[in-house]
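J.: give me a model of this one.
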Amino acid sequence: MKRSVHALYRHSEDYMDESPMSTILPKKKSKSLVLGHEDGIVRVYSLPQCGDISHVECLECIQTLESKGGPIQTLMIHDVTKLAHNDIIVADSRGMVTIFSNEQILTRKAVSEHCIQCIGIQKDALGYNAIIIGDRQGHVAAFSPFTEFWRVRLSDLGQYKNLALRPQVTCVHITELTDKYGQRRSCVLVSDTCKAVHMIQGGSIVLTLYTPAVVTAMVSGHFVESNEADENDTVMANQTWTEEQVLMGTDNGAIYIMANFQIYQEEYANIHHTITHLSTLASADSQITDTLLCAGHFDALCILRDGQEISHHKTSAWIISLVTADINNDGVDEILIGCHDNTLHALKVTFGCSKK
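T.: Alright, predicted model coming up:
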């Protein structure tokens, strides 16, 4: 099965230099797009349900929120306060985290003295949320809007004490894994510039794994079937795969898979360029593996399945933001990308039969 990508619309954004973005579903029916900018301002745009690529200026800015901080590095949309339908969590280059609730600043926290470049949300068994951040000096912290839960400094680890440079956090990913007792547990996966991936539970590093390259992006999903073993006598082909799988993109373009609490050294795929974003498009059929979206230091969006590229969408510049959402209410997610040339694109992936 081959996929093709069609552009729904294109928008030019004057403020969007290195801007992170996310989608939000407010209490009203229409969806919105949230952008964080270098001027420290969060801008909210209404998303059209359909559009034409010839209409360049098709997004209307419906709200601006001032973080009163530095350039925004990353943001997330999540209900962390239980006070509003959705909260906006913003992290900036000065180590400040600002939480917007009901369209105003609820709290601002100086979490770090350094640039925060990674953020995630972890939910515990009781339904409480923790905001997880990672910065350029190797600090990982978990906190709520009003309480700090724990903090880890990677440079304190024994294997890093003799290093001339401190390890930097390159990616934070929250996932659920099943332990040896059959219990599903929420885990924080943190990668660093020393080619290590640390698993953190409750503020303690319980496992450290190593990869051949620095992990720069992670995504969870269902990527490899257990029955994919064939005549090729490889470790991956003869592995019994769990449902919990994490793909890890690296700075040299290789993608590795983590399952069963180990990272397999055999490459799942290789893009041959630094990867900065990984995301998935879930299949309607639970028996089919997820489709992988891959972007990084190259002007294209690569679409892969089962380790093979099935589509390739050329872009006008490097992709710096990537999210998926059902923006036209057809029950299928579309792809929203922000490029380095200050443009936003909405893309639709369609199926097509390929001849063999």
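J.: measure the nearest residue to residue 321 once chain neighbours are set aside to residue 276 for me?
T.: In this structure, residue 321 finds its nearest non-sequential neighbour in residue 338, 3.7 Å apart by C-beta to C-beta, 6 or more residues apart in numbering. To be clear about C-beta, it is placed using only N, CA and C from the backbone, and glycine gets the same treatment. Relative to residue 276, residue 338 is positioned 12 Å away (C-beta to C-beta, to the nearest Å).
J.: so which helix or strand takes in the residue nearest to residue 321?
T.: Residue 338 belongs to strand 334-339 when assigned by DSSP states H and E.
J.: pLDDT of the helix or strand that that strand is followed by, averaged?
T.: Moving toward the C-terminus from strand 334-339, the next helix or strand (DSSP H and E) is strand 343-352. The average of the pLDDT scores along strand 343-352 is 80.
J.: next one: strand 343-352 to chain centre, how far?
T.: In this view, strand 343-352 has its centroid 18 Å away from the chain centroid, taken as C-alpha atoms, centre = their mean, to the nearest Å.
J.: report all helices and strands that that strand contacts.
T.: For strand 343-352, the helices and strands in contact under the criterion 3 or more C-beta pairs under 8 Å, 6 or more residues apart in numbering; DSSP states H and E are strand 2-12, strand 334-339.
J.: check those strands for me: which has the lowest mean pLDDT.
T.: Mean pLDDT across the helices and strands packed on strand 343-352 is lowest at strand 2-12; the value there is a mean of 60.
J.: buried stuff in stretch 99-115?
T.: 99-101, 106, 109, 111-112, 114-115 (16 or more other C-beta atoms under 10 Å).
J.: and for stretch 67-76?
T.: Residues of stretch 67-76 classed as buried under the neighbour-count rule (16+ other C-beta under 10 Å) are 67, 69-76.
J.: what about residue 318, how many neighbours?
T.: Here the number of neighbours of residue 318 (other C-beta atoms under 10 Å) works out to 17.
J.: need the pLDDT of it.
T.: At residue 318, the predicted lDDT confidence score is 95.
J.: quick one: contacts for it?
T.: Taking C-beta atoms under 8 Å, 6 or more residues apart in numbering as the definition of contact, the neighbours of residue 318 are 295-299, 339-340.
J.: now residue 255
T.: For residue 255, the set of contacting residues under the criterion of C-beta under 8 Å, 6+ apart consists of 247-249, 267-271, 275, 278, 292, 294, 307.
J.: and what of residue 300?
T.: 312-315.
J.: that older thread, show the buried residues in the contacts of residue 255.
T.: Those of those that meet the buried threshold are 247-249, 268-269, 271, 275, 278, 292, 294, 307, by 16+ other C-beta under 10 Å.
J.: please flag which of those sit within strands.
T.: With DSSP state E as the criterion, strands contain 247-249, 269, 275, 278, 292, 294 from among the buried ones among the contacts of residue 255.
J.: out of the residues you listed, which comes closest to residue 320?
T.: Lowest distance from residue 320 to these (C-beta to C-beta) belongs to residue 275, with 12.9 Å.
J.: that closest one and residue 218 touch, don't they?
T.: No: the criterion here is C-beta atoms under 8 Å, and residue 275 misses it with residue 218 at 10.0 Å.
J.: who touches both of the two?
T.: Overlap between the neighbourhoods of residue 275 and residue 218 consists of residue 249, taking contacts as C-beta under 8 Å, 6+ apart.
J.: circling back to that earlier point, need the contacts of residue 255 in a markdown table with distance to residue 60 and pLDDT, can you?
T.: Conversion of the contacts of residue 255 to a markdown table gives the following (distance: C-beta to C-beta, whole Å; pLDDT from 0 to 100):
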| residue | distance to residue 60 | pLDDT |
| --- | --- | --- |
| 247 | 36 | 97 |
| 248 | 38 | 98 |
| 249 | 34 | 98 |
| 267 | 44 | 95 |
| 268 | 40 | 95 |
| 269 | 38 | 96 |
| 270 | 41 | 97 |
| 271 | 35 | 96 |
| 275 | 33 | 98 |
| 278 | 30 | 97 |
| 292 | 32 | 95 |
| 294 | 31 | 97 |
| 307 | 41 | 93 |
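J.: mind listing the strands for the stretch 101-250 of the chain?
T.: Counting by DSSP state E, counting those that start in this stretch, residue ranges of the strands within the stretch 101-250 of the chain are 104-110, 116-123, 129-135, 139-143, 148-153, 169-178, 184-192, 196-201, 204-210, 215-221, 245-250.
J.: how far does the helix or strand containing residue 320 sit from the chain's center?
T.: In this assignment (DSSP H and E), residue 320 forms part of strand 319-325. The chain centre lies 9 Å from the centre of strand 319-325; the measure is C-alpha atoms, centre = their mean.
J.: give me the helices and strands touching that strand, please.
T.: Using 3+ C-beta pairs under 8 Å, 6+ apart as the contact criterion, the secondary-structure elements in contact with strand 319-325 are strand 21-24, strand 275-281, strand 291-296, strand 298-305, strand 334-339.
J.: give the rounded mean pLDDT of the longest one.
T.: So that's strand 298-305. Along strand 298-305, the predicted local confidence has a mean pLDDT of 95.
J.: isn't residue 282 right up against residue 331?
T.: No: with the criterion set as C-beta under 8 Å, residue 282 and residue 331 do not qualify as a contacting pair; they are 11.5 Å apart.
J.: among the two, which residue is more densely surrounded?
T.: When residue 282 and residue 331 are compared on other C-beta under 10 Å, the one with more neighbours turns out to be residue 282, at 14 against 7.
J.: residue 220 versus the more buried one, what's the distance?
T.: For residue 282 relative to residue 220 (C-beta to C-beta), the value is 11 Å.
J.: one more: residue 300?
T.: Plainly put, residue 300 is 24 Å away from residue 220 if you go by C-beta to C-beta.
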